[in-house]
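Enquirer: Give the three-dimensional model of this entry:
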Amino acid sequence: MLFVAIYFAIGLSAVFVDCKPRSISRDKPHAELEWSGKLSDNQTIHIWTVASKGLFGEISKPAWIQVDIRGSNSSQDAIRLIFDQEHRLRYCVFGTDTVETSVSLDDADLLTRNPIYLEHFSFTLANEFLRACKELRRASEEPAKLVRRPRTAYRANPMIMPGTLWCGKGNAATREQTFGDEIETDMCCRTHDRCFENIQSLTSKFGYYNPSPVTISNCECDDEFLSCLENAGTEAATRVGNLYFNVFKIPCFLRRTERICTHNDESGACGQFENREDIELFRPQRFVAPYITV
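Expert: Residues are numbered from 1 along each chain as shown. Modelled structure (predicted):
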């Protein structure tokens, strides 16, 4: 599915770092709120992008991702998870008073040997985040017993957004049922799936090798996808648009043809030209949610 990374883009910012100007400042790390919403169990989720420190203490992108979960009542723990540029879980804390606010990474030593990726989460229940935090804590306390966790460990069900058949990895459509209950969002995802130009993960096309775990699409298709989700105006469309365009920031491409010299004559002038295909990557537009989540 072209929209494969709504929930599970691994290290996209690192892979596509050349598609946008590198942003460097020497200010203190800060977080920007990208999206807030409700999970299926009525707990609140906040997703932030957090600038991280590079060499010599400068602030650089790609950003880390901060996920805050707060329960619907005081008996439920607040949880904060922080994922690095490759979307690996690096830090977790329970019951923090600062949940729903930005966090500084200045004093955090976030290294861990246990690979839990943001792609493991379906963004539907707080319990999956709680389980990951507890596993990370056990891993920190018992490093000798660490075993690499297969990436399919959290994937008991197909990774399709609840209420849809097309928004996620692959699709779950059948002859009897083309769309899910969230039909407006589903139609946007299916149309984006069928983009007239795309480059699938780990394949070469148009003179470019796509090293990422997601398919990238022609910018015209991404523009249509953005407009479709914004016009749908539903909570599901808002969730999809925020994650795809604002959190994971999946780039798009446009094709270009360059005329290059392949042979020089005796005088040094070019005697033979060749048209060579290539693409140019572009940073995504920002999704503006017409549906306000709290």
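Enquirer: now the strands for the stretch 151-294 of the chain?
Expert: 198-199, 204-205, 208-209, 216-218, 252-264, 270-282 (DSSP state E, counting those that start in this stretch).
Enquirer: Could you pull out the buried residues of the last one?
Expert: By that I understand strand 270-282. Ile279, Leu281 (16 or more other C-beta atoms under 10 Å). Backbone N, C-alpha and C define where each C-beta goes, glycine included.
Enquirer: Name the residues that touch it?
Expert: Residues from elsewhere that reach strand 270-282, judged by C-beta atoms under 8 Å, 6 or more residues apart in numbering: 16, 18-20, 199, 206-208, 216, 219, 251-265.
Enquirer: just so I know, which of the strands of the stretch 151-294 of the chain lies nearest Cys188?
Expert: Among the strands of the stretch 151-294 of the chain, the nearest to Cys188 by C-beta to C-beta is strand 216-218 (12.8 Å).
Enquirer: In the sheet, which strands lie alongside the closest one, parallel or antiparallel?
Expert: Next to strand 216-218 in the sheet, as set by DSSP bridges, lie strand 198-199 (antiparallel), strand 252-264 (parallel).
Enquirer: same question for the longest one, mean pLDDT?
Expert: Regarding strand 252-264, the rounded mean pLDDT is 86.
Enquirer: Can you show me the CA trace of that strand as PDB?
Expert: The C-alpha coordinates for strand 252-264 follow below in PDB (Å, rounded to 0.1, in the frame of the first residue of the first chain):
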ATOM      1  CA  CYS A 252       7.000  13.000  -2.400                       C
ATOM      2  CA  PHE A 253       8.800  13.200  -5.700                       C
ATOM      3  CA  LEU A 254       8.700  14.800  -9.200                       C
ATOM      4  CA  ARG A 255      10.400  13.300 -12.200                       C
ATOM      5  CA  ARG A 256      13.000  15.200 -14.100                       C
ATOM      6  CA  THR A 257      15.100  14.600 -17.200                       C
ATOM      7  CA  GLU A 258      18.700  15.800 -17.500                       C
ATOM      8  CA  ARG A 259      20.600  16.200 -20.800                       C
ATOM      9  CA  ILE A 260      24.200  15.000 -20.200                       C
ATOM     10  CA  CYS A 261      27.300  14.500 -22.300                       C
ATOM     11  CA  THR A 262      28.300  10.900 -22.800                       C
ATOM     12  CA  HIS A 263      31.200  11.400 -25.300                       C
ATOM     13  CA  ASN A 264      33.600  14.200 -26.200                       C
END
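Enquirer: Show me what counts as buried in that strand.
Expert: Neighbour-count burial for strand 252-264 [16+ other C-beta under 10 Å]: Cys252, Phe253.
Enquirer: next one: stretch 66-75
Expert: Across stretch 66-75, burial judged by 16+ other C-beta under 10 Å covers Gln66, Val67, Asp68, Ile69, Arg70, Gly71.
Enquirer: pLDDT averaged over that stretch, what's the number?
Expert: For stretch 66-75, mean pLDDT is 77.
Enquirer: Just give the number of residues close to Phe245.
Expert: Phe245 is flanked by 22 other residues according to other C-beta atoms under 10 Å.
Enquirer: check contacts around it.
Expert: Leu226, Pro284, Gln285, Arg286, Phe287.
Enquirer: With distance to Glu277 added, can I get the strands paired with strand 216-218 in TSV?
Expert: TSV is the format used below for these (distance: least, C-beta to C-beta, whole Å):
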stretch	distance to Glu277
strand 198-199	12
strand 252-264	6
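Enquirer: quick revisit: now, among the buried residues of stretch 66-75, which is nearest to Leu81?
Expert: Of all the buried residues of stretch 66-75, Val67 has the smallest distance to Leu81: 4.6 Å, by C-beta to C-beta.
Enquirer: Could you point out which residue ranges in the protein have low pLDDT?
Expert: Residues of the chain that meet the criterion pLDDT under 70 lie in 1-31, 51-63, 73-76, 96-114, 119, 139-159, 290-294.
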